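Enquirer: dropping a prediction and its sequence here:
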Amino acid sequence: MIKASHLHPAVLSAYRLLLSALLLAPFYFRNLKKYRNESMARHLRVVLPPALGLALHFITWTQGAQWTHAANATLIVCMVPVVMPFLLYFMVGEVISRAELLGTLVALGGAAWLSAADFSVSRQSWWGDVTCFVSMLLFSYYLAQGRVNRGFPSIWLYLVPLYAVAGLICLVIALFMADPFRPQPPREYLLVLGQALVPTILGHSIYNYAMKHVRGQVVSIVNLFQFLFAGALAYYFFGEVPRSAFYVAGALVVAGAIVAIRAIATTRVGKRELDEMATTTPEA
């Protein structure tokens, strides 16, 4: 949908974020009444850092992907699991486990395999590569902030102000780069609606919900599944038949995710058994 739109990246980002906040607003106000100790002023203050990261990520990713090769952009955005352990350690003190490290290496091997054949560095695409790399760092920071702010009593109290503030930041930036209030063809508004409903309300909301309940490195590994869905959609809508490397890469990403998730499941089962032993056997 980003590829099909002709809107300026800042305008497109502002539209999809503000529309997402508007559509989710009823959930926010319902939860604000439920949790009477919460205040809108605190929410707006807390979400400012991740909102800034999300706004700049949307703009730079849309622009960078247009300036470089698809393989370059794919490989760069798949570097999130490399950056995430450092952010999680310094921001929340979360240390990556051996299983998560193994899963990360396997999954990254799949992403590298997918992009290696088509990856190229040229003077024309260099700025696009740099822009995508900066966008990847912003995305990683924004995701890690979801882990930092996992103490919100409701995910809607975090998401709606996040989308609203990020959308306003994009709108302010758009004022200096384009005309965000110029009427657009109905087709553009439909594309904005689609981006608000699917990748934002569904996709990014699930990201943040997962960061609230699951270890951050596992979320960053599973995030690599993006290219599998993108490949399936590209085949359905554009008739782009995936190369053989796509299936090898997909298998490696799935394997890496399974390794990391099974480690968490094993840890939780072990902890539950210890808790049961503690309740039945005082010596335990």
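Expert: Sure thing, it's come through.

Enquirer: which of the residues in the helix or strand harbouring A51 are buried?
Expert: Using DSSP states H and E, A51 sits within helix 48-67. Buried positions in helix 48-67, judged by neighbour count with 16 or more other CB atoms under 10 Å: 50-65, 67. Heads up, the C-betas are built off the backbone N, CA and C, glycines and all.

Enquirer: equivalent analysis for stretch 97-113, please.
Expert: S97, A99, E100, G103, T104, V106, A107, L108, G109, G110, A111, W113.

Enquirer: likewise stretch 153-167?
Expert: Buried residues in stretch 153-167, counted by 16+ other CB under 10 Å: 154-167.

Enquirer: and it, average pLDDT?
Expert: Stretch 153-167 carries an average pLDDT of 97.

Enquirer: and if you look at stretch 52-70?
Expert: 85.

Enquirer: ok, residues contacting it?
Expert: 2, 9-10, 12-13, 16-17, 73, 77, 118-120, 125, 127-132, 134-135, 138-139, 141-142, 145, 162-163, 166-167, 169-170, 173, 204 (CB atoms under 8 Å, 6 or more residues apart in numbering).

Enquirer: these in strands, which ones?
Expert: Judged by DSSP state E, those include no members of strands.

Enquirer: show me which of those residues are buried.
Expert: Once neighbours are counted (16+ other CB under 10 Å), the buried part of the contacts of stretch 52-70 comes down to 2, 9-10, 12-13, 16-17, 73, 77, 125, 128-129, 131-132, 134-135, 138-139, 141-142, 145, 162-163, 166-167, 169-170, 173, 204.

Enquirer: quick one: which of these sit in helices?
Expert: 9-10, 12-13, 16-17, 73, 77, 128-129, 131-132, 134-135, 138-139, 141-142, 145, 162-163, 166-167, 169-170, 173 (DSSP state H).

Enquirer: which residues in the chain form helices?
Expert: 9-34, 40-46, 48-67, 70-77, 80-92, 98-116, 126-148, 155-175, 186-195, 205-213, 216-222, 226-238, 244-280.

Enquirer: the first one: which residues count as buried?
Expert: Within helix 9-34, the residues that count as buried by 16+ other CB under 10 Å are 9-21, 23-24, 28, 31-32.

Enquirer: show me where pLDDT drops low in the stretch 151-284 of the chain?
Expert: In the predicted model of the stretch 151-284 of the chain, residues 238, 264-284 satisfy pLDDT under 70.

Enquirer: wait, which of the buried residues of stretch 153-167 is closest to M40?
Expert: Of all those, P161 has the smallest distance to M40: 7.4 Å, by CB to CB.

Enquirer: go ahead and confirm that closest one touches M40.
Expert: Yes: the pair P161 / M40 is scored as a contact, 7.4 Å apart, by CB atoms under 8 Å.

Enquirer: how close does A263 sit to G146?
Expert: 21 Å (CB to CB, to the nearest Å).

Enquirer: more neighbours: which of these two?
Expert: Under the criterion of other CB atoms under 10 Å, the comparison of A263 against G146 puts G146 first, with 24 against 18.

Enquirer: shouldn't the more buried one be in contact with Y207?
Expert: Yes: if you go by CB under 8 Å, G146 and Y207 touch, sitting 6.8 Å apart.

Enquirer: for stretch 236-245, buried residues please.
Expert: Buried-residue list, stretch 236-245, by 16+ other CB under 10 Å: P242.
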